[in-house]
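1. I'll drop the sequence and a predicted model, then ask my questions.
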Amino acid sequence: MNKRFKKAGVLGAGVMGANIAAQLSNVGIDTVLLDIAKPVSGNQINEENKKIRNSFALMGIERAKKASPPSFYIPENAELITAGNIEDDIGLLKDVDIVIEAIVEDLSLKRGLFKRIEQQLKPDTVVTSNTSGISVADMCEGLPKNFREHFAVTHFFNPPRYMKLLEIVKGPDTLPEVIKTIVENFEQILGKRIVFAKDTPNFIANRIAVFTTLNNIRMMTELGLSVEAVDELTGTVIGFPKSATFRTTDIVGLDTLVHVAGNVFRKASDDEKRNIFIPPELIKVMMGKGLLGDKSGHGFYKKEKDENGEKVILSLDFNRM
């Protein structure tokens, strides 16, 4: 192997960032997980308010520990993750072999973060983004040549422990040996199955998946089908995962779905089915009601307990909301 990743940094402790950190720790990679600092009163940094400032990263680790199916092979693997915040702990990135960015899908925020960390890194540190579709060229524009040469997209799928697919997208200046190093580590150590994508809107998987999801929603409302019926028709019976259309959407989050769809609509002006990427009215209503999926506790499905204390899964009646 060209270079073995022994220490990693993950930026962003949301669903994807925390679970990517968990999978890195599962394979024995010491991992630094940084998120934004939670404000505290006063200027002095002591042990107590340091925990508060690190609370977003710490909460991400705790969510990963409680995830179902489990994100960690064994709970003790969480001890390989060092939680911190970008304000106080950016220096922890100075000796990592790879940094994986997994913050919100906002180009300006990503660019700003890369500018902030690039002076902290070793010259040969690989930096990747977990973006689901923002242009690689746009993200590294204006950054130093060495950074651009060591930068690419590594798009994991949720949950990272179980989903084998990984999209890799190189930038205009990415060195071939950097891609080779990423491939060897992620195939041989993380056990991923890699697909190389071009730097086009939403790459391959989400270009197809978002189209399919939004088209299925339109067909559901036109044909008067239920949420359960659509998932029965679009799951394992046609070779798709059992999460089908709407369980997958709840895992991904409606806000993410809308953002990714908007990215295609804005940038794929010649796509003959471009209008499919305009979110239908049902999605707008759900967004307005905060029905975002797992991250808000309910979306197309909702877990509850019946009168006997048994778990039940309810599905949305989209006619009555």
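-> Arrived safely. Numbers count the residues shown, from 1 in each chain.

2. For the closest residue to residue 59 other than its chain neighbours, the count of nearby residues, please.
-> If the residues on either side of it in the chain are set aside, residue 59 comes closest to residue 13, at 7.1 Å by Cβ to Cβ, 6 or more residues apart in numbering. (C-beta placed from N, C-alpha, C; glycine too.) Per other Cβ atoms under 10 Å, the neighbour tally for residue 13 reads 32.

3. show me where the protein has helices.
-> Here the chain has its helices, by DSSP state H, at 15-26, 47-53, 55-66, 86-89, 107-117, 136-139, 145-149, 176-188, 205-223, 227-233, 246-252, 254-267, 281-288.

4. one step back: any idea how far residue 175 is from the residue nearest to residue 59?
-> Between residue 13 and residue 175 the computed distance is 29 Å (Cβ to Cβ, to the nearest Å).

5. Next: residue 189.
-> In terms of Cβ to Cβ, residue 189 sits 20 Å off from residue 175.

6. Likewise for residue 39?
-> Residue 39 is 40 Å from residue 175, where distance means Cβ to Cβ.

7. which of those two has more neighbours?
-> Neighbour comparison, residue 39 and residue 175: the larger count goes to residue 175, with 17 against 9 (by other Cβ under 10 Å).

8. Now that one: closest residue in space, sequence neighbours ignored.
-> Closest to residue 175 by Cβ to Cβ, 6+ apart is residue 149, at 4.8 Å.

9. what about the one you found, how many neighbours?
-> For residue 149, using other Cβ under 10 Å, the count is 17.

10. With residue 32 instead?
-> Residue 32: 22 neighbours (other Cβ under 10 Å).

11. Who are the contact partners of it?
-> 7, 8, 9, 10, 81, 82, 84, 89, 92, 93, 96 (Cβ atoms under 8 Å, 6 or more residues apart in numbering).

12. Include pLDDT when you put these into CSV, please.
-> Formatted as CSV, those follow (pLDDT from 0 to 100):
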residue, pLDDT
7, 97
8, 98
9, 98
10, 98
81, 97
82, 97
84, 96
89, 95
92, 97
93, 97
96, 97
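
13. ok, residue 311 - how many residues close by?
-> 8.

14. Wait, it touches residue 68, no?
-> No - counting by Cβ atoms under 8 Å, residue 68 is not a contact partner of residue 311; they are 11.2 Å apart.

15. Need the per-residue pLDDT for residue 85.
-> The model reports residue 85 with a pLDDT of 96.

16. What values do phi and psi take at the residue lying closest to it once chain neighbours are set aside?
-> The spatially closest residue to residue 85, leaving aside those adjacent along the chain, is residue 37, at 3.8 Å (Cβ to Cβ, 6+ apart). Main-chain dihedrals, residue 37, degrees, to the nearest 10: phi -80, psi 140.

17. what's the spacing between residue 37 and residue 15?
-> Separation of residue 37 from residue 15 (Cβ to Cβ): 20 Å.

18. of these two, who's got more company?
-> residue 15 (23 against 20).

19. Touching, the more buried one and residue 295? I think so.
-> Yes - if you go by Cβ under 8 Å, residue 15 and residue 295 touch, sitting 6.7 Å apart.
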